[in-house]
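**Student:** how would this look folded up:
(2 chains)
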Amino acid sequence: MKNFRLSRAFLLVAILTCAVAFTARLNVSAHEERKLGKYNVELGWRVEPAAVGVMNGPDVYVSFADPKDAGSDPKKALEALKIDLQVEVTLGPAKKTIKLERNYPYYSEYEGTGQANLVGSLLPTRPGDYTFHLTGTIEDLKVDQTFTSADKKFGTVEPAADILFPDTNVDAVSLQQQIDALKSEIDALKAAKK
Amino acid sequence: MKMNRCRLPLAVCLCLCLFGALNHVQAHSILVKSSPAENTRLDSTPAEIRLWFSEPLEARYSRFDVRDANGVIRVTAASSVDTTDAHQMFMRLNPLPNGLYSVSWMASSAGDGHPTTGSFPFSVGVPIAAASANVSASEALPVDGALVRAFNLLALSLLAGGAAFVVFIWRPLALQSGEERLMRLIWIGWLATGAAGVAMLVLQTGLNTATALDDGLTPALILQTLSTVYGLLWIIRVGCWLVVGVLLVRNARYRWLMPLVLTLSAVMLLTQSLFSHAGNASERAAALAGDWLHLLATTCWVGGLIALAVTIPVLRTQTGMLARAVALFSNYVRVAVAVLLITGVYAAWLHVGSLDALTGTLYGQALLFKIVLIIPLLAIAAVNLIFTQRGLTGGAEVWGGRLRALVGAEIMLTCGMLLAVGALTSLDTARAALILQQRATAMMPNEVGGMVIKEGTHVMLTAKPGYVGQNTFEVRLLTLNGKPINDADRLRLRFDKADGSGESELDIRGAQPKDGVYRVEGANLSSPGQWRVRLTVQRPQQYDMVVDFQPTVSAAPVAQVLDPTPPLTERSFANALAGMAALACGGALLARPAAGVGARVLALLLMVGGVVFLLSGLGVG
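**Tutor:** The predicted structure follows:
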């Protein structure tokens, strides 16, 4: 039992390590682009392919749809935009709201006006098709958009087994699931014995 | 040892961390659509393959190739990014042998240089469909196509049949008034024929490109169809149609133009026959002659009936005229029915050939439906021929009213017949469909798939017949107690192979499963070898369940080549028999003293058809 607790502690430490490492390291971009008012908004995963147990999160780029709106200094214009966005991430019954923060670097040159990058942090614990509900404001523009990863726009979250090397045939999350399943079976057997 | 195991997750996560840091592959250039579309079955090699992407492509690093069912690249021509629209990649194709192919693409976004890859399957020719055990699905009746074809026949009937009625029935009566009614009918037929022509072109384009009207069927694709054989025939038809329009305008002044209208309408019918089942038959000349005569007789009968119904009120106002008109029309229809019976029996032998094919295929069943309608139609025609005509000649006015009701009933039945013909021309012939069925039955099923227990659920996947090519994928979801799970609102099947080829996807949404079984069809297992099929199950208020299956798929056994063409001796016999019947019947009807001009023209055409049958039976042409 002690060893079991110890392994969970190691797992937690490992996950946190990954989270810190990825937050500092990620170079990301968006995948599904939509024109909202005078802005282009792109949304996707910070890291693709997205996999269970890998630090990730929603990744949003905002740019001017019309370069004229950016004026002579697009960087300054984008950095001056008042952007207040949040993402409600849904998988099955689980929901989590993530406030989007400015990434570093916030501004990146990309085609005409460049783009501003906002990110949130999330570590997917289950594979599947996640839904991102983006809400908030960009200046006076109200944003209320839903993006689903299953619609061939951006990647779905894959089982970690896809990228394990050497192949262990089991990843940490599914291992935990198996343990939980065994535990419930043992509980059921104990209850039946009584 | 325990400590080592405890450290495993840490090692794993560090590996993931390293992997994530190095891997920034993004899915930017998304395949928006393709021509041919995914899982399309084509009758022949398309002129080109064209892919549309969501972003402009970097020409230097974007490409695709075409692989056959064995994974061998079949096309050596390079694909190119379209210089006029960098969102598109295309490849011109030389004719490919029948088989299953997969298009594997790599697209590099010109915007950010991120590469994306993918593939999709399509097939060329009928034999691949035979690899599917699900023959019934490939034999489904395309209802929209059948309706368009039936409407086309009705329109041509109004035009050609109306013109024939004017030339052969109305004008010999030498009535001073009433023709304007018929002209209105012919104009309606002319307009409807124009509309039907456009609908037929759109329908054919949709069939060529496997694109639906509401799914990217563009004017450019439609114009592309005009460069095909069908397009040439369609242009001839439109040319005739336009000239007919001019002739109809001038008809008021030059009454001799109406026979020309009839002749051009017959040419328009010929363009129909040239692009039909008859156009692919073994004895093409005989099949075409038979099909054209059949169409001509049908339009003369159907259009004539409608024209008669329209003119009955006028004819009743003049003593004895209705009786004369009915006598002329009966003689004329007598020949039309003879033509229909001879050419119909010939076509039934040519395209059906056996009782099994008649009862066991959709084509055969549509033909049976048509025959069922013909029986009361012939009965009504007989009543008109024997009783109505006599009654009217004897001056019994009551028969005028009865005639109108009988003609109305005949028109309704003929409209039903036209629907059956629309279905017949939309389906594979019964001979071909029966062979597909026999081949599918002969092929031993080799179902592949597997069963996994995950998260309290039995998940079973089966691919039938389990060979490379078209398969029916059946997913069965059961609780551990064996209770079916019917509430999954979305299932996704993603296919790929270890070498990265064959990536494709199938989606099941909004299914209404029975016993927890969800089905979808696709040709996604496009080459032999081991595949990974990743199933994602979405259920309301539950976490997605992701399950992998690794079926090993082999190429379908080489099917015995079966030719739907009847043997030579049978063909010779049938052609000779049809020829003799046509000559004898045509000669007898031509020689009848009471036969009018219309009946004689039809009888003469039947005799010409008989000569063509006989020559075909002798192996000439």
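
**Student:** rest of the way, CA atoms for contacts and neighbours
**Tutor:** Fine.

**Student:** roughly how far apart are the residue most central in space within chain B and residue B:277?
**Tutor:** Nearest residue to the geometric centre of chain B (CA atoms, centre = their mean): residue B:426, 3.8 Å. According to CA to CA, to the nearest Å, residue B:426 stands 9 Å off from residue B:277.

**Student:** do you know the pLDDT at the most centrally placed residue in chain A?
**Tutor:** Central residue check for chain A by CA atoms, centre = their mean: the C-alpha nearest the mean position is that of residue A:57, 1.8 Å away. pLDDT for residue A:57: 93.

**Student:** surely it touches residue A:48?
**Tutor:** No. The pair residue A:57 / residue A:48 is not scored as a contact, 10.3 Å apart, by CA atoms under 8 Å.

**Student:** look up the pLDDT of residue B:344 for me, please.
**Tutor:** The model's pLDDT for residue B:344 equals 92.

**Student:** so the nearest residue to it once chain neighbours are set aside is in which element?
**Tutor:** Of all residues not flanking residue B:344 in the chain, residue B:294 sits nearest, at 6.8 Å (CA to CA, 6 or more residues apart in numbering or on different chains). Using DSSP states H and E, residue B:294 sits in helix B:284-316.

**Student:** mind listing the residues bridging to residue B:460?
**Tutor:** Beta-bridge partners for residue B:460, by DSSP bridges, are residue B:451, residue B:476.

**Student:** that older thread, got the contact list for the residue nearest to the centre of chain A?
**Tutor:** For residue A:57, the contacting residues are A:45, A:46, A:47, A:119, A:120, A:121, A:122, A:123, by CA atoms under 8 Å, 6 or more residues apart in numbering or on different chains.

**Student:** show me where pLDDT drops low in the stretch 151-300 of chain B?
**Tutor:** B:208-216, B:279-282 (pLDDT under 70).

**Student:** and it, which residues reach chain A?
**Tutor:** Proximity of the stretch 151-300 of chain B to chain A, by CA under 8 Å from any CA of the partner chain, involves no residues.

**Student:** where do the helices sit along the stretch 151-300 of chain B?
**Tutor:** Residue ranges of the helices in the stretch 151-300 of chain B, as given by DSSP state H, counting those that start in this stretch, are B:162-165, B:171-173, B:179-209, B:219-225, B:229-250, B:258-274, B:284-316.

**Student:** helices or strands next to the fifth one in the packing?
**Tutor:** Here helix B:229-250 is seen to pack against helix B:179-209, helix B:258-274 when contacts are counted using 3 or more CA pairs under 8 Å, 6 or more residues apart in numbering or on different chains; DSSP states H and E.

**Student:** hmm, try it at 7 Å
**Tutor:** Applying 3 or more CA pairs under 7 Å, 6 or more residues apart in numbering or on different chains; DSSP states H and E, we find helix B:229-250 packed against helix B:258-274.

**Student:** same check, this time on the third one
**Tutor:** Helices and strands touching helix B:179-209, by 3+ CA pairs under 7 Å, 6+ apart, are helix B:143-156, helix B:162-165, helix B:219-225.

**Student:** chain center to the shortest one: distance?
**Tutor:** When you say that, I think you mean helix B:162-165. Distance of helix B:162-165 from its chain centroid, counting by CA atoms, centre = their mean, to the nearest Å, is 30 Å.

**Student:** only alpha carbons, please: show that helix as CSV.
**Tutor:** Extracted in CSV, the C-alpha atoms of helix B:162-165 (Å, rounded to 0.1, in the frame of the first residue of the first chain):
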residue,chain,number,x,y,z
GLY,B,162,-48.0,15.6,-79.1
ALA,B,163,-46.3,16.3,-82.5
ALA,B,164,-47.1,12.8,-83.7
PHE,B,165,-50.7,13.3,-82.7
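
**Student:** which residues sit against that helix?
**Tutor:** Contact with helix B:162-165 is made by B:182, B:185, B:186, B:258, B:261, B:262, B:300, B:303, B:304, B:307, as judged by CA atoms under 7 Å, 6 or more residues apart in numbering or on different chains.

**Student:** let's see it at 8 Å
**Tutor:** With contact meaning CA under 8 Å, 6+ apart, helix B:162-165 is reached by B:182, B:185-186, B:258-259, B:261-262, B:300, B:303-304, B:306-307, B:598.

**Student:** enumerate every residue touching the residue nearest to the centre of chain B.
**Tutor:** Contacts here follow CA under 8 Å, 6+ apart; on that basis residue B:426 touches B:141, B:142, B:145, B:146, B:149.

**Student:** recalculate using a threshold of 7 Å.
**Tutor:** Residue B:426 touches B:142, B:145, B:146, counting by CA under 7 Å, 6+ apart.

**Student:** so how far is chain A from the residue lying closest to residue B:519 once chain neighbours are set aside?
**Tutor:** Distances taken as CA to CA, 6+ apart place residue B:474 nearest to residue B:519, at 4.6 Å, with adjacent residues excluded. Separation of residue B:474 from chain A (CA to the nearest CA, to the nearest Å): 20 Å.

**Student:** wasn't residue B:474 part of a strand?
**Tutor:** Yes. Using DSSP: H, G, I helix; E, B strand; the rest coil, the assignment for residue B:474 is a strand.

**Student:** quick one on the thing from earlier: phi, psi for the residue nearest to the centre of chain A please.
**Tutor:** Dihedral angles of residue A:57 (phi, psi; degrees, to the nearest 10) stand at phi 150, psi 170.
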